[in-house]
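J.: Can you look at this prediction? I've put the sequence above it.
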Amino acid sequence: MAKRRPPRGLDTTEQQLWQKVTQAVTPLSSRPDMSELLKMEKPKQRIPGSKQKKAASSPAAQPNFVPQMQPKKHAKLPDPHDAGTLDGGLQRKLRRGRIDPDAKIDLHGLTQAQAHQRLRADLPRHRGNGVRCLLVVTGKGSASALARHTLHGSVISETPERRGVLRDSLPRWLADAEFRPHVAAVRPAHPRHGGGGAFYVWLRRQR
């Protein structure tokens, strides 16, 4: 087997030529260091099919997915007994009895259940007919023991309107959520329209 010959060194002429070459070359100062290149973040590898799996896991991709509808928030209607539910001019006219009611509901002789049912049936109907000022008659009631009772043979029974139950219940009913969409305001009636035994019910405009 032949022995490897040691590397031959440069002679004088070759050394002078190499020095001229190295003197003519300008080193690149902006060349990044290899250690800095190694510190650079490697690009993330994309796993095949990951996008499809993510899309399949979303609720909309499920076969039986039903989107949930967000309930609409409705503005809370004001209490019909509040002073601000009617403008000042209209309120003064009602207080002085200068507005004649467009229609009337008479609750005389009815029980609380019957009176409430009458309101549920008649009040939306009057509003649908364009009525604005509705007069609801309840009766004044009486504190007298004889006036609170009606004699039917040997049976003494109390009548609701004489006890003032309907008069006390009506404002509370009209302030409930069931009637607020129809009722804009409730005010005591003028004496020429029944006084303490009746109420003006100002209905909202039909849209």
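T.: Yep, it's here. Treat the numbers as computed from the prediction; the structure is a model and nothing was measured.

J.: quick one: contacts of stretch 195-207?
T.: Contacts with stretch 195-207, where a contact means C-beta atoms under 8 Å, 6 or more residues apart in numbering, come from 80, 85-86, 90, 94, 99, 101, 123, 126-128, 130-141, 167, 170-171, 174, 181-189, 193. C-betas here are computed from N, CA, C, even on glycine.

J.: Generate a ChimeraX selection restricted to the buried subset of those residues.
T.: Isolation of the buried members of the contacts of stretch 195-207 (16 or more other C-beta atoms under 10 Å) is achieved in ChimeraX through the command below:
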select :80,85,86,90,94,99,101,123,126,127,131,132,133,134,135,136,137,138,139,141,167,170,171,174,182,183,184,185,186,187,188,189,193
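
J.: among the contacts of stretch 195-207, which are in strands?
T.: Counting by DSSP state E, the contacts of stretch 195-207 place Cys133, Leu134, Leu135, Val136, Val137, Val183, Ala184, Ala185, Val186, Arg187, Pro188 in strands.

J.: Quick check: the farthest pair among these?
T.: Longest distance between any two of these is 19.5 Å, between Val137 and Ala184; criterion C-beta to C-beta.

J.: before we move on, back to that, closest one of the ones in strands among the contacts of stretch 195-207 to His108?
T.: Using C-beta to C-beta, these come closest to His108 at Val137, 6.4 Å.

J.: how about Pro181, phi and psi?
T.: Main-chain dihedrals, Pro181, degrees, to the nearest 10: phi -60, psi -20.

J.: quick one: low-confidence ranges for the chain?
T.: Judged by pLDDT under 70, the chain has its weakly predicted residues at 1-10, 25-78, 81, 83-84, 141-163.

J.: Please enumerate the helices of it.
T.: Listed in chain order, the helices of the chain (DSSP state H) span 12-24, 34-39, 50-57, 88-95, 112-128, 160-163, 165-174.

J.: Packed most tightly, which of these would that be?
T.: Highest mean neighbour count among these (mean count of other C-beta atoms under 10 Å): helix 160-163, with a mean of 20.

J.: Next, format the helices of the chain as a markdown table and append distance to Arg204.
T.: Formatted as a markdown table, the helices of the chain follow (distance: least, C-beta to C-beta, whole Å):
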| stretch | distance to Arg204 |
| --- | --- |
| helix 12-24 | 98 |
| helix 34-39 | 73 |
| helix 50-57 | 49 |
| helix 88-95 | 14 |
| helix 112-128 | 7 |
| helix 160-163 | 27 |
| helix 165-174 | 12 |
